[in-house]
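Asks: Got a predicted structure plus its sequence, pasted below:
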Amino acid sequence: MNPLPSPVVHESWGQRVVFGSGTAREDVAAEVAGLGASRVLVIAADRERALAEDLGKDLPVVAVFSDVRPHVPAEVARAVRSAAREYAADLLLSVGGGSTTGTAKAAALTTGLPVLAVPTTYAGSEATPVWGLTEDGHKRTGVDPKVLPRVIVYDATLMLSLPARLSVTSGLNALAHCVDAWWAPRQNPISSALAVEGVRWLASSLQRIVADGQDVPARRDILFGTYLGAVAFAGAGSGLHHKVCHVLGGAYDLEHAALHSVVLPHVVGLNLPAAPDAARLLEAGLGSTADPLGALLDLYAKLEPPCSLRELGLAERELDRATDLVMAQVPDSNPRRVAHGEMRELLGRAYRGDTPVPVPVTGLRTNDPDFRRNDTEERTDD
């Protein structure tokens, strides 16, 4: 065990979390009553509408907002805020995946309304104060305590109909929260410890879900790992992996969870040679004592997620522009300095679906002309 660094700064975010199986309707009703809500605006995509209406049968629902889209376009954010005001809502009930939670956050950001989140994927957004909005091909993110859902109701049985591919990509998105927390701007021993436990729960449960999608205990376990990873991410902030995915997702409207699945092992290959502490933590989480990147790739081989940006719809001609966009967002906290050429090679490998490889550290200096870093994370009310 390494000596504890000094000082240690960790920011916790207050939230009530309920884990259950088959009790979502009762749990949601109890939590709505506990919040004293009398006018509930439900936010759910069309595919989740039947579930949302079932959960809301005994609630004072005033309307359902269903215009949910990935990466929360600015026009959707404006529409959900208008709906909240039009119906004089005093609570936002989010039922769905990360895009749905993000839509509720967009409303909470300017209205200040509390959010009760009922996740149906492993996106983890429900446990973070991070919001994201996309406009003109640019995804803007920030941190604000107003958007953190006041309550989360997890129910493992709500995940049983989640297709195998989405279970895998969403679960690897949750795993990315853990890994990125080890080199994020506010990385600290508390967030790192949470992330290690998150990796353990996620890696084990994902393999069981692939073997049997109706394994309720595995679905319970993956929710626990999802929550741990999201809390680690909330405390540590957004590292290089998430910067890459936010840029690509916002600029090219790529499938969110699958994008994380494709990019993660390539960022691990880039950063791990310069991050021995992260390598040790990934070893501990995956149960490998020699080759953490190899252990991660072994997990990928068992899960068979999407492996290339090409299959997600990114055009090869966009790789140079994408590199420029990503380089403007490389965090100062990254364990190695990233050259423009290294990032272009990383995106090229990810585009083709090449096997991720360890990238030797070049020793590039911060004043070299092709090195860019940016550690911005907005804190704003708008």
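Replies: Right, received. Where do you want to start?

Asks: From the contact counts, what lies against the lowest-mean-pLDDT helix or strand in the chain?
Replies: Lowest by mean pLDDT, DSSP states H and E among the helices and strands of the chain is strand 138-143, with a mean of 88. Judged by 3 or more C-beta pairs under 8 Å, 6 or more residues apart in numbering; DSSP states H and E, strand 138-143 is in contact with strand 130-135, helix 240-252. C-beta here means a position set from N, CA and C on the backbone, and glycine is covered the same way.

Asks: Beyond that strand, next helix or strand please.
Replies: As assigned by DSSP states H and E, the chain's next helix or strand after strand 138-143 is strand 151-155.

Asks: which stretches of the chain form strands?
Replies: Assigned by DSSP state E, the strands in the chain fall at 16-20, 40-43, 61-65, 91-96, 115-119, 130-135, 138-143, 151-155.

Asks: Can I get those in JSON lines including mean neighbour count?
Replies: Below are the strands of the chain laid out as JSON lines (neighbours: other C-beta atoms under 10 Å):
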{"stretch": "strand 16-20", "mean neighbour count": "15"}
{"stretch": "strand 40-43", "mean neighbour count": "27"}
{"stretch": "strand 61-65", "mean neighbour count": "19"}
{"stretch": "strand 91-96", "mean neighbour count": "28"}
{"stretch": "strand 115-119", "mean neighbour count": "27"}
{"stretch": "strand 130-135", "mean neighbour count": "22"}
{"stretch": "strand 138-143", "mean neighbour count": "17"}
{"stretch": "strand 151-155", "mean neighbour count": "25"}
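
Asks: Could you dump these into CSV with distance to P163 added?
Replies: Converted to CSV, the strands of the chain look like this (distance: least, C-beta to C-beta, whole Å):
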stretch, distance to P163
strand 16-20, 23
strand 40-43, 22
strand 61-65, 24
strand 91-96, 15
strand 115-119, 16
strand 130-135, 24
strand 138-143, 25
strand 151-155, 18
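
Asks: closest one to E304 among those strands?
Replies: strand 115-119 (23.7 Å; C-beta to C-beta).

Asks: Just want the angle from the closest one to strand 91-96.
Replies: Here strand 115-119 runs at 10 degrees with respect to strand 91-96, directions being taken by axes from the mean of the first three to the mean of the last three C-alpha atoms, to 10 degrees.

Asks: how about the CA coordinates for the least confident helix or strand of the chain, as CSV?
Replies: Extracted in CSV, the C-alpha atoms of strand 138-143 (Å, rounded to 0.1, in the frame of the first residue of the first chain):
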residue,chain,number,x,y,z
HIS,A,138,-20.1,20.8,-30.1
LYS,A,139,-20.9,19.0,-26.8
ARG,A,140,-20.5,21.3,-23.8
THR,A,141,-20.3,19.7,-20.3
GLY,A,142,-20.3,21.1,-16.8
VAL,A,143,-20.8,20.4,-13.2
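
Asks: Can you give the distance of that strand from its chain's centre?
Replies: 13 Å (C-alpha atoms, centre = their mean, to the nearest Å).

Asks: Many thanks, I have nothing further to ask.
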